[in-house]
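Asker: can't give you the sequence, but here's the structure:
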């Protein structure tokens, strides 16, 4: 008789009460029932914790953990420290899963596979209208790490590499190598976690199914918050991805080209951020990064 492995699903939550019922129901109703569901309340000031506790009271697979507000990275790390599953999934509190996502990912995680990557949908809401964009991997199949590395740049460009939410991980790799999300960062921490994880993989499975639904309210760009360290963050991410590719003998060809394209876009965005209407920088501080 085949034993079905336990999957731990970690959900960091901060002030997401309106979205939580849809998110949690999409997890509870998965066709794959062997779940440990960890709802991590990150110091919410709305009713998020109460909503989580109501769901936990009706489903013994759910455990609610609470921490003082420290950010999603710390919440995910807390979840990892309580994870009992053979496999790990991450879900954001305002998103939801297709009903067969976990089952499809587990089926793709054969004995030789260390990571499964799938596609996802961006569902944006603007002016009470819904806009859907589908992100599908340009490759499919099982790849030894060396062969998979040739596609890192394209997956990064197509925004399929950074997120932890369109992936299934092996918990033993995370625990053995003490992999964590870097809590001092508020941008790019997901990407760095994935690079550290992939560095330990032997084989990666990429599947074409679109299984995760990322939702966001599309605001006017001027209302997005100012990020004081955005430029230095972009420079750091570029260097980290470059070091990763060099360490895996993959800083060449399309990978190198795509990384330079992404870096150039990041610099343009960083310059725009310097002149954000909510910027706290002085005129001198705004010009200093451009003089380097």
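Answerer: Thanks, I have the structure now. All of these numbers come straight from a predicted model, not from anything done at the bench. Residues are numbered from 1 along each chain as shown.

Asker: and residue 98, how many neighbours?
Answerer: Residue 98 has 19 neighbours, counted by other Cβ atoms under 10 Å. Glycine gets a C-beta too; all of them are placed from N, C-alpha and C.

Asker: Quick check: pLDDT value at it.
Answerer: Note for residue 98: predicted pLDDT of 98.

Asker: Next one, pLDDT for the residue nearest to residue 152 when sequence neighbours are not counted please.
Answerer: Closest residue to residue 152 apart from its sequence neighbours, by Cβ to Cβ, 6 or more residues apart in numbering: residue 255 at 5.6 Å. pLDDT for residue 255: 96.

Asker: Please parse this protein into its domains.
Answerer: 7-218, 230-291 (automatic domain parsing).

Asker: most tightly surrounded among those domains?
Answerer: domain 7-218 (a mean of 18; mean count of other Cβ atoms under 10 Å).

Asker: ok now it, how far from the chain's centre?
Answerer: 6 Å (Cα atoms, centre = their mean, to the nearest Å).

Asker: rewinding a little: distance of the residue nearest to residue 152 relative to residue 2?
Answerer: Residue 255 is 38 Å from residue 2, where distance means Cβ to Cβ, to the nearest Å.

Asker: Next: residue 48.
Answerer: 37 Å.

Asker: Same check on residue 14?
Answerer: 38 Å.

Asker: what about the stretch 51-200 of the chain, any weak spots by pLDDT?
Answerer: Applying pLDDT under 70 to the stretch 51-200 of the chain picks out residues 127.

Asker: Can you list the residue ranges for helices in this protein?
Answerer: 20-28, 48-58, 72-81, 101-108, 145-148, 152-157, 171-176, 189-199, 230-247, 253-274, 283-291 (DSSP state H).

Asker: With respect to residue 95, which of the ones you listed lies nearest?
Answerer: Nearest to residue 95, of all these, is helix 20-28, at 6.2 Å by Cβ to Cβ.

Asker: what angle do the closest one and helix 101-108 make?
Answerer: 30 degrees (axes from the mean of the first three to the mean of the last three Cα atoms, to 10 degrees).

Asker: so what does helix 20-28 touch, helix or strand wise?
Answerer: strand 7-13, strand 35-42, helix 48-58, strand 96-97 (3 or more Cβ pairs under 8 Å, 6 or more residues apart in numbering; DSSP states H and E).

Asker: could those go into a markdown table alongside distance to residue 179?
Answerer: As requested, the helices and strands packed on helix 20-28 are exported to a markdown table (distance: least, Cβ to Cβ, whole Å):
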| stretch | distance to residue 179 |
| --- | --- |
| strand 7-13 | 13 |
| strand 35-42 | 17 |
| helix 48-58 | 26 |
| strand 96-97 | 23 |
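
Asker: how about the ones you listed, which one is nearest residue 178?
Answerer: Nearest of those (Cβ to Cβ): strand 7-13, 16.5 Å.

Asker: Show residues contacting that closest one.
Answerer: Contacts to strand 7-13, defined as Cβ atoms under 8 Å, 6 or more residues apart in numbering, come from residues 20, 23-24, 27, 32, 34-42, 44, 48, 52, 72, 75-76, 79-80, 83-93, 102, 106, 168, 171.

Asker: Cool, thanks, signing off.
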